[in-house]
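Q: Requesting a structural model of the entry that follows:
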Amino acid sequence: MSGVSQGEGILKQFAFADAVRAIAHSAVAGPNDPVYPQTADTLAGPKYIGALACGTCHGAPSKSAAYGTWRMSRHADAYATLGTVRAEEVARQMGVPGSPQGSDRCLACHSTGGGEPVGRFMESFDAAQGVQCESCHGPGSEYMADDVMGDSTRARQAGLRMPEEGDCLVCHREKGS
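A: So this is what the prediction gives:
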């Protein structure tokens, strides 16, 4: 499966293996006040905890330093791009009313959990951190504990997902599809 992604004004083929390497992941194995939620953690089931929580462990070199690599990626800035004049122009062309940063349609690809009910987020979550770890790996509240993360089988049973190309193609798809 392949897709097309727009970058720097030209269309380029989406390459899953290259994307995974760019964010320092193996496909096999302080912010300002939070943008949302206003109230959190009110629904049963797994919750989004946010990249800052993930970074407490995955920022260390012994844990692949994935947080730092992600932080320097365009994914980390995906929400911020919605605040640009260009984003407002694109949103207007797409018929999106109001600010792109407040549109579920835009947030679905530009911020983790965009469009999810507020009760699916822990207070530690901040949408302004962009496309975070849990966009690919699933809400982390159930698998984030050290003893669970230390056991890959338990982590997967608790909801940890390993990203596949189809996960990326939800957003990195041909324009207009």
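Q: what ranges of the protein fall below the confidence cut-off?
A: For the chain, the stretches flagged by pLDDT under 70 are 1-41, 62-63, 174-177.
Q: Tell me where it has strands.
A: 4-7, 10-13 (DSSP state E).
Q: ok, how many other residues are close to residue 98?
A: 10 (other CB atoms under 10 Å). Every C-beta, even on glycine, is put in place using the N, C-alpha and C of the backbone.
Q: how close does it get to residue 104?
A: 11 Å (CB to CB, to the nearest Å).
Q: And residue 143, by the same measure?
A: 26 Å.
Q: Those two: which has the busier surroundings?
A: Neighbour count, other CB under 10 Å: between residue 143 and residue 104, residue 143 has more, with 21 against 11.
Q: List the residues that contact the closest residue to that one other than its chain neighbours.
A: Residue nearest to residue 143 in three dimensions, not counting chain neighbours: residue 158, with 3.8 Å by CB to CB, 6 or more residues apart in numbering. By CB atoms under 8 Å, 6 or more residues apart in numbering, the residues touching residue 158 are 142, 143, 148.
Q: The residue of the chain most remote from its centre: what's it in contact with?
A: Ranking residues of the chain by C-alpha distance from their mean position (CA atoms, centre = their mean) puts residue 93 at the top, at 24.5 Å. Contact analysis of residue 93 by CB under 8 Å, 6+ apart lists nothing.
Q: can you check residue 137 too?
A: Residue 137 neighbours (CB under 8 Å, 6+ apart): 160, 161, 162, 163.
Q: ok, so what distance separates residue 121 from residue 43?
A: Residue 121 sits at a distance of 9 Å from residue 43 (criterion: CB to CB).
Q: For the closest residue to residue 67 other than its chain neighbours, give its distance to residue 76.
A: Closest residue to residue 67 apart from its sequence neighbours, by CB to CB, 6+ apart: residue 55 at 3.6 Å. From residue 55 across to residue 76, the span is 11 Å (CB to CB).
Q: the helices in the chain, which residues?
A: 16-22, 51-58, 66-71, 78-81, 85-93, 104-110, 133-137, 146-149, 152-157, 165-169 (DSSP state H).
Q: Among those, show me which one is buried the most.
A: helix 133-137 (a mean of 22; mean count of other CB atoms under 10 Å).
Q: Keeping just the C-alphas, turn that helix into CSV.
A: The C-alpha coordinates for helix 133-137 follow below in CSV (Å, rounded to 0.1, in the frame of the first residue of the first chain):
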residue,chain,number,x,y,z
CYS,A,133,3.5,8.8,20.3
GLU,A,134,0.0,7.6,20.9
SER,A,135,-1.2,8.4,17.3
CYS,A,136,0.8,5.3,16.3
HIS,A,137,1.0,3.3,19.5
